[in-house]
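A.B. asks: Could you look at this predicted model? Sequence included:
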Amino acid sequence: MFSKVLVANRGEIAVRILRTLRELGLASVAVCSDVDREALHARLADETVGLGDPRPAASYLDIAKLLDAARRTGAQAIHPGYGFLAENPEFARRVADAGLVFIGPSADALARLGNKTAARRTMRGVGVPIIPGLDAPESDPRRLADAAERLGYPVLVKAAAGGGGKGMRVAASPAELQEAAEAAAGEAASSFGDGAIYLEKYLDRPRHVEFQILADAHGNVVHLFERECSIQRRHQKLVEETPSPALDEELRERMGRAAVAAARAAGYVNAGTVEFLLVGRDFYFLEVNARIQVEHPITELLTGLDLVRCQLEIAAGTPLPFRQEDVGRRGHAIECRVYAEDPQRGFAPSPGRILLARLPAGPGVRCDAGIFTGAEVPVYYDPILAKVAVHAPDRPAAVARLVRALEECVVLGVATPIELLLEVVRSEPFAAGRTHTRFLDEHFPDWRPADSADDPALVGFVLDRLAGGTGATGAAATPDVPDVSSPWRRLGAWGRSA
Amino acid sequence: MDFKLRIGERSHVVAVPSPEADGTLRLVVDDRPLAVVPRAGPPGALAATVDGRPVELHVARCAEGTWVWCAGRARLVQDAGQEARRPSRRAGAGDGAVTPAFPSVVVAVLVKEGEVVRKNQPLVVVSAMKMESRLVAPWAGTVRAIRVEVGASVKPGDELVAVEREAGGSGNG
């Protein structure tokens, strides 16, 4: 095992990785751009190296700066987290070329999986079901139209490179195909530098069910069961749970075998996720996420394993210490993502200062976060602030615990989707486990917060004014100076009058 | 004491009498009575029963108003009576201003000063938290001023590009 690890990331995932390094007694190195100097991850690491310019391309995506930081601090391995350079084959290659260990799959495996049509051919070769569609990029409009006709409309035009919902368009009819193809190719070219597109049959309201896998360097591959992540906005997951309400043991076993076969076929080593779409009892390979996933905590809660520790051990060449039949699971786990964004305005980004953060705790609650009271949420990076995950003996108990935890999770100063998440997890279709990837569009279109819930806010405003004793011209009249002093002290005045 | 308050698009009038001997506050919210009884809450919170229902409230003030949190619901409460005295954040930007919808960073400027543009022609690309958006010309006309460069941090109300409306153009450009 290495003795010092550099974490090439920021925010909640960097904090989470640093915690495991601390538990293992490994020295840690964080990196931070100029706007992240006060960030939690930069304060928690043993050493922190500045990256300067906050723009991603000049900081967390700058391979030369990261390698230089590793060299100067003597780190022997680099954990990429998720996002940024986590699935970048060139980064993995240059880390290896520098004589360091990349905590993730090989550059070759990343390159093979990064191309979706190549990945589809690989999966078809080992009998893993794939969504009906093309196995090679196609740009000729006539051949695209022929293929769409054969598949039957609606079809999905997808970028061969990339992911995250970019370069993806639905065409419901031949008339829409040309425009969808042009839009997808244009977005793919600008997002991934590769405008290649292909077609897949568009599946109606599938579930998103993925399997966590672990593969060591000695040919051992196991899966750690599924995560259902059907509730999404703009192809980004909002709620994840395990087990999936849609799977029974027979289907779980079939999908788990397919996930292990997929990992083997790709020559995959380290922790990864094999994503499937599920329609009824038919499942189709979607893609492999070659990294630690945002939603990995629910698998950790269910299995009791530390996936980051597993990643470090695998990268150090240690064989997996357990076989498939040794992997147990207990209870039910659900996670909600708390983004800095406004669900009332089409999930528009909401950067800014966190005026107050009080994160949930208590039995069966885990909150991975990169925020604190007074923290600045920069405009430059991913909007994820925190993940609220719960574990309970069964699904109804987990839902009740999640409601309690979300109600405890105070984030003021930036917009978050917590109120919407509460309505989602309290809703009848969610309770019944009837989830699919169009869940929000179907059940919560144009969601707005309830007017009827204004009363407590008005009461809060009045009590704050009375307790502060400053009347209508109080501290709020001082512009741009957030007043985050404890309301406890201000309560005193009102308390005495009581 | 009366407060004229705003939450988003909604306006509320809250009449606040003096507390009764036992501390009870009998508020009137939009002509509805609301009995508020103070109680001990956890440190940092304001706690009360509102019409018999216990609530725990978290409050944080900022320049835009007062954020109040109650059981997973956050509301920015603005004092409408104070609005007039506070300089508006959007003061610099009038109708049709080329301004971002949320705080952003400029990633591309697509036009030059003096350039003739058509209505809805993209002028500037901004990015916020990995989401890119294009700011377009509000009407057909001529670019008179470009007030930003690539890499600049911008916020709602900042006018990034001034487009002089085409002479004789209709209101819709």
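C.D. replies: Here it is on my side, so go on.

A.B. asks: Skipping its backbone neighbours, what lies nearest the residue nearest the centre of chain B in space?
C.D. replies: Centroid-nearest residue in chain B: B:Glu64, 7.2 Å away (criterion: Cα atoms, centre = their mean). Closest residue to B:Glu64 apart from its sequence neighbours, by Cβ to Cβ, 6 or more residues apart in numbering or on different chains: B:Leu76 at 6.4 Å. Quick note: C-beta positions are derived from backbone N, CA and C, even for glycine.

A.B. asks: so what's the one you found bridging to?
C.D. replies: The residues listed as beta-bridge partners of B:Leu76 by DSSP bridges are B:Trp67.

A.B. asks: try A:Gly133
C.D. replies: A:Glu200.

A.B. asks: quick one, phi psi at A:Ala259?
C.D. replies: Phi and psi for A:Ala259, reported as degrees, to the nearest 10, are phi -70, psi -40.

A.B. asks: contacting residues around it?
C.D. replies: By Cβ atoms under 8 Å, 6 or more residues apart in numbering or on different chains, A:Ala259 lies in contact with A:Phe211, A:Ile213, A:His223, A:Val274, A:Phe276.

A.B. asks: still on that earlier bit, could you tell me what pLDDT the model assigned to the residue nearest to the centre of chain B?
C.D. replies: At B:Glu64, the pLDDT value in this model is 90.

A.B. asks: Spatially nearest residue to A:Val29 (excluding sequence neighbours)?
C.D. replies: Distances taken as Cβ to Cβ, 6+ apart put A:Leu6 closest to A:Val29, at 4.2 Å, once the chain neighbours are dropped.

A.B. asks: Name the single longest strand found in chain B.
C.D. replies: What stands out as the longest strand in chain B, according to DSSP state E, is strand B:53-62.

A.B. asks: contacts for it?
C.D. replies: With contact meaning Cβ under 8 Å, 6+ apart, strand B:53-62 is reached by A:353, A:355-356, A:358, A:410, A:412-413, A:456, A:459-461, A:463-464, A:474-476, A:482-484, A:487, B:39, B:41-42, B:44-49, B:66-71.

A.B. asks: Where does A:Ala181 fall, secondary structure wise?
C.D. replies: helix A:174-192 (DSSP states H and E).

A.B. asks: is that helix up against chain B anywhere?
C.D. replies: No. Helix A:174-192 lies out of reach of chain B by Cβ under 8 Å from any Cβ of the partner chain, never closer than 8.8 Å.

A.B. asks: what separates that helix from the chain centre, distance-wise?
C.D. replies: Centre-to-centre, helix A:174-192 and its host chain are 25 Å apart (Cα atoms, centre = their mean, to the nearest Å).

A.B. asks: contact partners of that helix?
C.D. replies: Contacts for helix A:174-192 (Cβ under 8 Å, 6+ apart): A:139, A:141, A:144-145, A:148-149, A:153, A:155, A:157-162, A:166-171, A:194-197.

A.B. asks: In chain B, where is pLDDT below threshold?
C.D. replies: Filtered on pLDDT under 70, chain B yields the residue ranges B:83-94, B:168-173.

A.B. asks: how is it carved up into domains?
C.D. replies: B:2-83, B:104-165 (automatic domain parsing).

A.B. asks: Now do the same for A:Arg465: helix, strand or coil?
C.D. replies: helix (DSSP: H, G, I helix; E, B strand; the rest coil).

A.B. asks: Let me fix that, I meant to ask about A:Thr416.
C.D. replies: Assigned state for A:Thr416: coil (three-state reduction, three-state DSSP).

A.B. asks: what separates the longest strand of chain B from the chain centre, distance-wise?
C.D. replies: Per Cα atoms, centre = their mean, the centroid offset for strand B:53-62 relative to its chain is 20 Å.

A.B. asks: Buried by neighbour count: which residues of it qualify?
C.D. replies: Neighbour counts over strand B:53-62 (16 or more other Cβ atoms under 10 Å in any protein chain shown) mark B:Val55, B:Glu56, B:Leu57, B:His58, B:Val59, B:Ala60, B:Arg61, B:Cys62 as buried.

A.B. asks: Does the residue nearest to the centre of chain B touch B:Val77 like I think?
C.D. replies: No. The pair B:Glu64 / B:Val77 is not scored as a contact, 10.0 Å apart, by Cβ atoms under 8 Å.

A.B. asks: any chance you could map the helices in chain B?
C.D. replies: Ranges of helices in chain B, per DSSP state H, are B:80-83.

A.B. asks: Ok, the stretch 201-350 of chain A next?
C.D. replies: A:249-265, A:296-303, A:307-315 (DSSP state H, counting those that start in this stretch).

A.B. asks: Could you pull out the buried residues of stretch A:449-463?
C.D. replies: By 16+ other Cβ under 10 Å, the buried positions in stretch A:449-463 come out as A:Pro449, A:Asp454, A:Asp455, A:Pro456, A:Ala457, A:Leu458, A:Val459, A:Gly460, A:Phe461, A:Val462, A:Leu463.

A.B. asks: same thing with stretch A:269-289?
C.D. replies: For stretch A:269-289, burial by neighbour count (16+ other Cβ under 10 Å) applies to A:269-278, A:283-289.

A.B. asks: now stretch A:296-311
C.D. replies: Neighbour count says stretch A:296-311 has A:296-303, A:305-308, A:310-311 buried, by 16+ other Cβ under 10 Å.

A.B. asks: what's the answer for stretch A:210-225, then?
C.D. replies: With the criterion 16+ other Cβ under 10 Å, stretch A:210-225 contains buried residues A:210-216, A:220-225.

A.B. asks: Quick check: closest non-adjacent residue to the residue in the stretch 51-200 of chain A that chain B sits nearest to.
C.D. replies: Closest contact between the stretch 51-200 of chain A and chain B, by Cβ to the nearest Cβ, is at A:Arg55 (6.9 Å). Distance criterion Cβ to Cβ, 6+ apart; nearest residue to A:Arg55, sequence neighbours excluded, is A:Tyr380 at 6.4 Å.

A.B. asks: ditto for A:Asp306
C.D. replies: Leaving aside its chain neighbours, A:Asp306 sits nearest to A:Thr20 (5.9 Å; criterion: Cβ to Cβ, 6+ apart).

A.B. asks: quick check: angle from the helix or strand encompassing that neighbour to helix A:307-315?
C.D. replies: Assigned by DSSP H and E, A:Thr20 belongs to helix A:11-24. Helix A:11-24 and helix A:307-315 are oriented at 70 degrees to each other (axes from the mean of the first three to the mean of the last three Cα atoms, to 10 degrees).

A.B. asks: follow-up on the earlier one: would you turn the domains of chain B into TSV with distance to A:Ala184?
C.D. replies: What follows is those, written out as TSV (distance: least, Cβ to Cβ, whole Å):
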stretch	distance to A:Ala184
domain B:2-83	36
domain B:104-165	16
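
A.B. asks: In three-state terms, label A:Ala109 for me.
C.D. replies: helix.

A.B. asks: Burial check on it, number of neighbours?
C.D. replies: Look at A:Ala109: counted by other Cβ atoms under 10 Å in any protein chain shown, it has 22 neighbours.

A.B. asks: Am I right that it is in contact with A:Ala265?
C.D. replies: No. With contact taken as Cβ under 8 Å, A:Ala109 and A:Ala265 are classed as non-touching, separated by 10.5 Å.

A.B. asks: Quick one: residues contacting A:Ala98.
C.D. replies: If you count contacts by Cβ under 8 Å, 6+ apart, A:Ala98 has them with A:Leu67, A:Ala70, A:Arg71.
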